[in-house]
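Trainee: next comes the sequence, and after it the predicted model I'd like to discuss.
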Amino acid sequence: MNTRQLEYFVSLAETLNFTKTAQKFFISQTAVTKQIKILEYSLDTKLFNRNNHHVELTPAGNVFLAEAKAILQRIEEATERVRLTTIGFVGYIFSQSILFKRCCSSNTSICKTKISIF
């Protein structure tokens, strides 16, 4: 299983159309079909019921759709955090203020609070 397969799966689940999914990713319908079959094989379950004229999610496909979206979202968030860290937008603030001291569990004079700017 890879992220590309997850993206194809989410797109197909949302459109229920192999042609639209193939067009979105600039690949052939055959390639989409192959990747979905590989994904189903790796999960050992059918994600779609399909014939020549109809595509629908199976119950397992519905469950996997929510999980696939969450995985892709998490990857996007992680990538963005790494990018922001690389350019210096994520780091630590050190403060000696009373407000920050109260937030710390220790009685040190410097409190370290991790921040992320998004």
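Mentor: Good, I have the coordinates. Residues are numbered from 1 along each chain as shown.
Trainee: mind naming the longest helix for this protein?
Mentor: Determined from DSSP state H, the single longest helix within the chain is helix 59-86.
Trainee: what is that helix packed up against?
Mentor: Under the contact definition 3 or more CB pairs under 8 Å, 6 or more residues apart in numbering; DSSP states H and E, helix 59-86 sits against helix 3-15, strand 90-95. The way it works is simple: take the backbone N, C-alpha and C, and place the C-beta from them, glycine included.
Trainee: list the buried ones in it?
Mentor: Residues of helix 59-86 classed as buried: 61, 64-65, 68 (neighbour count, 16 or more other CB atoms under 10 Å).
Trainee: and it, average pLDDT?
Mentor: Here helix 59-86 scores 94 as its mean pLDDT.
Trainee: next, the angle helix 3-15 makes with that helix.
Mentor: Helix 59-86 runs at 130 degrees relative to helix 3-15, counting by axes from the mean of the first three to the mean of the last three CA atoms, to 10 degrees.
Trainee: quick one, what contacts the closest residue to Leu47 other than its chain neighbours?
Mentor: What sits nearest to Leu47 in space, not counting adjacent residues and going by CB to CB, 6 or more residues apart in numbering, is Gly61, at 3.8 Å. Gly61 sits next to 13, 46-48 when contact means CB atoms under 8 Å, 6 or more residues apart in numbering.
Trainee: make a ChimeraX selection of whichever of these turn out to be buried.
Mentor: A single ChimeraX command selects the buried members of the contacts of Gly61 (16+ other CB under 10 Å):
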select :13,47,48
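Trainee: if we can go back for a sec, where among the helices and strands packed on helix 59-86 is the average confidence lowest?
Mentor: Averaging pLDDT over each of these puts strand 90-95 lowest, since it has a mean of 56.
Trainee: contacting residues for the spatially most central residue of the chain?
Mentor: Nearest to the centroid of the C-alpha atoms of the chain, with distances taken as CA atoms, centre = their mean, sits Leu72, at 1.3 Å. By CB under 8 Å, 6+ apart, the contact list for Leu72 reads 3, 6-7, 10.
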